[in-house]
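# Next input, structure requested:
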Amino acid sequence: METQPHAGQNGSAWLEISTEVRNANTLDLDQRTTIEILEALNDEDQQAPQAVRAILPQMAELVEAAAASVRNGGRVHYFGAGTSGRLGVLDAAELRPTFNLPDGVVIAHHAGGPAALTQAVENVEDCREAGAQAAADVRSGDIVIGIAASGRTPYVGGALTAGRELGATTALIACAREPELGPLADFVLAADTGPEALAGSTRLKAGTAQKLMLNGFSTALMIRLGRTWSNLMVSMVATNEKLRARTVRILMEATGAAEESCRGALQSADGDLKVALVIMLSGASPANARDAVEVAGGNVRDAASALANE
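Below is the predicted model:
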C-alpha cells in the first residue's frame with residue numbers, strides 16, 4: 001500500500017523556521033496534475049498580500065524614517081542574499097529610470113556580489129563577517145534594511161549589527177514569525193507567509209511578499225520625497241522614444257492640455273517633465289519654473305504652490 005509522506009518530526013532545528021516547515025496542504029504535490037500543481041501554488045500565493053497588509057503600520061514608520069534620512073543627506077542600504085538579495089538589487093535598480101533618483105541614494109548590497117545575481121552562491125549567506133564588511137561604508141543617519149525570508153541569514157545579521165554600530169537606523173524585511181534577527185532592527189517587517197508549497201523554496205510566496213514589501217516601501221518613499229505628482233511618474237527619465245512619448249502623455253494627463261501645447265512646454269523646459277509641468281500649472285517662465293523646482297527639492301506641487309503665492 002502506498003503511504004503519504006508526513007509533515008516532519010518536531011524538534012528538528014530547521015523546522016523551527018516557519019518558511020522551512022513542510023506545508024500540510026501540499027504533501028501530495030508531486031502526484032497532482034499540472035493544473036492542480038499550479039492551482040496549489042496560486043492558492044498559497046494568495047497569502048502573500050494578506051501577510052504584507054498586516055505589517056503596513058510598521059512599513060509606514062520605516063518610510064517616514066527613510067524620507068527624513070534622505071532629506072538630510074542620508075542613504076538607504078539593502079542587504080540580502082539569494083532571492084532576497086536579488087529582489088533588493090532589482091528594486092534599487094528600478095528607482096533611477098522610474099523616479100530619476102540619483103545614484104547612491106538607495107544602494108543594494110548582495111551577498112556574493114554581481115556574480116551571485118545570475119548564479120547561486122549559497123555559502124556566502126552564512127558569513128556574518130561578509131555582511132559587516134559590505135556595510136563598511138554605512139554612515140550615521142543612513143537606513144540599513146536587511147532582507148531575509150527566514151529572518152536569520154548571517155550575512156544580513158552582520159550587516160544589521162555593523163549598521164547599528166555605525167549609527168544607522170536598522171530594519172528587517174522577513175517572512176517568518178518572530179525572526180531571529182529581529183532584535184537587531186529598529187523596524188521589523190515580518191510578513192508571516194507560512195510554509196511554502198514546496199518546502200523551503202522561499203522564491204515562491206515569501207519572495208512574492210518581499211517584492212510587495214520592497215515595492216511598497218520604495219514607491220511610498222519616492223512619493224514622500226516629492227518625486228511624483230498626483231499618481232503620475234513626473235520624475236521618470238526619458239531615455240528612449242517610447243519614454244519620450246510617455247512624458248507627453250503624462251503632461252497631457254496632468255494638465256488636460258492638447259498634445260501640441262505639452263510638446264511646446266517640454267521643449268521650453270529642455271525636456272524636463274517637472275519643469276514643464278510647473279510651467280503649465282503656474283504660467284511661470286521656464287527660468288522661474290526651473291528655479292522653483294530646484295528650491296522645492298524637485299517637488300512639483302510645492303514648486304507650483306510657491307509660484308502661485310508670489
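# going forward, measure contacts and count neighbours with C-alpha atoms only.
Noted.
# the strands in the stretch 101-250 of the chain, which residues?
106-110, 143-147, 169-174, 187-190 (DSSP state E, counting those that start in this stretch).
# Show me the strands paired with the last one, marking each as parallel or antiparallel.
Spelled out, it's strand 187-190. Strand 187-190 sits in its sheet next to strand 169-174 (parallel), going by DSSP bridges.
# Could you check how far the strand it pairs with is from the centre of its chain?
Put simply, strand 169-174 sits 12 Å off its chain's centre (C-alpha atoms, centre = their mean, to the nearest Å).
# what does it rub up against?
Identification of contacts with strand 169-174 by C-alpha atoms under 8 Å, 6 or more residues apart in numbering yields 62, 141-151, 160, 163-164, 181-182, 184-192, 210, 213.
# and that strand with strand 143-147, angle?
20 degrees (axes from the mean of the first three to the mean of the last three C-alpha atoms, to 10 degrees).
# For strand 169-174, list every residue counted as buried.
Thr169, Thr170, Ala171, Leu172, Ile173, Ala174 (16 or more other C-alpha atoms under 10 Å).
# now do stretch 193-206
Applying 16+ other C-alpha under 10 Å to stretch 193-206 flags 193-200, 202-206 as buried.
# Same question for stretch 279-299.
Within stretch 279-299, the residues scored as buried using 16+ other C-alpha under 10 Å are 279-282, 284-286, 288-290, 292-293, 296, 298-299.
# CA atoms only: put the helix or strand Leu281 falls within into PDB for me.
Using DSSP states H and E, Leu281 sits within helix 273-282. Taking C-alpha atoms only, helix 273-282 is exported to PDB below (Å, rounded to 0.1, in the frame of the first residue of the first chain):
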ATOM      1  CA  LEU A 273       9.000  67.000 -17.300                       C
ATOM      2  CA  LYS A 274       8.800  68.500 -13.900                       C
ATOM      3  CA  VAL A 275       9.800  72.000 -15.100                       C
ATOM      4  CA  ALA A 276       7.300  71.700 -18.000                       C
ATOM      5  CA  LEU A 277       4.500  70.700 -15.600                       C
ATOM      6  CA  VAL A 278       5.300  73.600 -13.300                       C
ATOM      7  CA  ILE A 279       5.300  76.000 -16.300                       C
ATOM      8  CA  MET A 280       1.800  74.700 -17.300                       C
ATOM      9  CA  LEU A 281       0.400  74.700 -13.800                       C
ATOM     10  CA  SER A 282       1.600  78.100 -12.800                       C
END
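# Just give me the residue right at the centre of the protein.
By C-alpha atoms, centre = their mean, the mean C-alpha position of the chain lies nearest to Leu214, the distance being 2.4 Å.
# And the helices in the stretch 201-310 of the chain, which stretches?
Taking DSSP state H, counting those that start in this stretch, the helices of the stretch 201-310 of the chain run over residues 205-224, 241-255, 259-268, 273-282, 286-295, 300-308.
# Pick the most deeply packed of the ones you listed.
A comparison of the helices of the stretch 201-310 of the chain by mean neighbour count, using mean count of other C-alpha atoms under 10 Å, puts helix 273-282 on top with a mean of 25.
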